[in-house]
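J.: A structural model of the following input is requested.
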Amino acid sequence: MKKLLALMVLPVFLAPLTIISTEHELVLTEAEKKSFLARTSDFSTIPKNPRLFQETRPYLDKNLTEFGQLVSADESLVIKELIINDNLLPVFKLADGHFIEASQLVVFDDVELSREQVSQTVWLKAGATVYDKPYVIGTKEVKTDLVARQQLLVTEQATTHDGVYYLIAGKGWVSSEELYTDPIDVVQALLLDKYQKNNLSIYIQRLDDGAEAGVNAEQRMYGASITKLATIYETQRQLNDGAIKLSDTFKYVPEVNRSRGFYDPEGAGNISKIPDGKDYTVEDLLKAVTKQSDNVASNMLGYYVADQLNRAFQTDIWLLLGDEWDMVKRELSAKIAGQMMAELYHQGGEALTYMTETAFDDSRISKDIAVTVAHKTGDADEFRHDVAVVYAERPFVLSILTAHSSYDEITAIANDVYNLLK
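T.: Numbering: from 1, shown residues only. So this is what the prediction gives:
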């Protein structure tokens, strides 16, 4: 437990020149007064709740010449009286017959320093200790039914030499160091405790301040249709810049499905698997790839808008994200996929709106969440993914990539995260 002790060592100016002990009043001579006043760090009275700054050896005699056994800083001191020894030094005589310097550099009065009313939401860390009062030496632990990551309201804040403590109404006092004050930190603890598995890559980013959490967030696996997010981003970028319009049309020709890195037309989607020579609007294609993950629609946008997914396009995406986004290998991490979704959010436009109503809304991230979710799914062999913007009070990106998992596990992760960040 971190101490505030160094900040609390303050000199005491001794107005009274009479030393008070539990047994008698000690009146000093003029010479003794002069010597005593020169030592402004000495106690002039016995502290109410004396405690050592650190492990210390008391003495066997009042003149402090012979050491006794070590006394821990966490042990209570019982002081019988304050005396002046033969060297005119103030000394505490302890109840066990030992002696210790009556110096505020050695002993401090372990009492509550301040208290104020507050109203703040916090979450409990695992293994937190609850006390019957703000911690000072002699404070007792109390048993409660509180559990890790439980959301709580604190109503009072108190400061002692040991730190800052908060009152959980009806339960007791807990150190600030054993409380989370930001739910993103609670999410991180949850992920480490519950979802640190080799087959999961999870990344969360709160969109208003960029705060992050994750587990195996940079672990790469086959991204499947998640890779289409780059093509969606480029299409929306050109729409925003005026380079293309939703009403522009592109012809479905055989070359569309032949470029390196394009998807198998026999995969997801309703557009003809065989090139039909028809014209499709940008709007139709963007809706098809965002709502149905249509492979042909992705190929057509990649061919016409992203310039056949050429090196310049891929380099621009890498520079945007600060990490490799390979349209051919399609190996991604939850973090880079989540960062791409964050870019789509900040970019704004139709694409993200289309992703709020998809053919996959009844599964994975969006299944149980009550607020709007814009998401892009990806499936291939043993891989099941979903990357989303969750429009909570403070919107956040949730990116979940899995191998040998299930839609239900993705939903469970999403529900756990949302319940903390909603």
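J.: helix/strand/coil for residue 126?
T.: Secondary structure state of residue 126, per DSSP: H, G, I helix; E, B strand; the rest coil, is coil.
J.: excluding its backbone neighbours, what's nearest it?
T.: Of all residues not flanking residue 126 in the chain, residue 148 sits nearest, at 3.9 Å (C-beta to C-beta, 6 or more residues apart in numbering). Every C-beta, even on glycine, is put in place using the N, C-alpha and C of the backbone.
J.: surely that neighbour touches residue 178?
T.: No: applying C-beta atoms under 8 Å, one finds residue 148 not in contact with residue 178, separated by 10.2 Å.
J.: and the two? Which one has more around it.
T.: With other C-beta atoms under 10 Å as the criterion, residue 148 and residue 178 differ in neighbour count, and residue 178 comes out ahead with 18 against 15.
J.: before we move on, the earlier item: need the residues touching each of residue 148 and residue 178.
T.: Shared contacts of residue 148 and residue 178, defined by C-beta atoms under 8 Å, 6 or more residues apart in numbering, comprise 124-125, 127-128.
J.: what sits against the closest residue to residue 207 other than its chain neighbours?
T.: By the measure of C-beta to C-beta, 6+ apart, the closest residue to residue 207 outside its immediate chain neighbours is residue 395, 4.7 Å from it. Residues near residue 395 by C-beta under 8 Å, 6+ apart: 206-208, 345, 389.
J.: swap in 10 Å and give it another go.
T.: Each residue near residue 395 by C-beta atoms under 10 Å, 6 or more residues apart in numbering is listed here: 205-208, 342, 345, 371-372, 374, 389, 421.
J.: again, but for residue 261
T.: 227, 299, 302, 306, 308-310, 314, 326-330.
J.: pLDDT and secondary structure added to those residues, as a markdown table?
T.: Compiled in a markdown table, the contacts of residue 261 are given as follows (pLDDT from 0 to 100; DSSP: H, G, I helix; E, B strand; the rest coil):
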| residue | pLDDT | secondary structure |
| --- | --- | --- |
| 227 | 96 | helix |
| 299 | 96 | helix |
| 302 | 95 | helix |
| 306 | 94 | coil |
| 308 | 91 | helix |
| 309 | 89 | helix |
| 310 | 89 | coil |
| 314 | 88 | helix |
| 326 | 90 | coil |
| 327 | 91 | coil |
| 328 | 90 | coil |
| 329 | 93 | coil |
| 330 | 95 | coil |
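J.: would you mind listing which of the residues you listed are buried?
T.: Neighbour-count burial (16 or more other C-beta atoms under 10 Å) applied to the contacts of residue 261 gives 227, 299, 302, 306, 308-309, 314, 326-327, 330.
J.: contacts for stretch 53-68, please.
T.: Here stretch 53-68 has contacts from 3, 5-6, 8-9, 52, 69-75, 77, 83-87, 89, 91-94, 96-101, 103-108, 161, using C-beta under 10 Å, 6+ apart.
J.: now do the closest residue to residue 295 other than its chain neighbours against residue 220, distance only.
T.: Leaving aside its sequence neighbours, residue 295 sits nearest to residue 263 (C-beta to C-beta, 6+ apart; 3.8 Å). Separation of residue 263 from residue 220 (C-beta to C-beta, to the nearest Å): 19 Å.
J.: partners of residue 92 in the sheet?
T.: For residue 92, the beta-bridge partners are residue 82, residue 100 (DSSP bridges).
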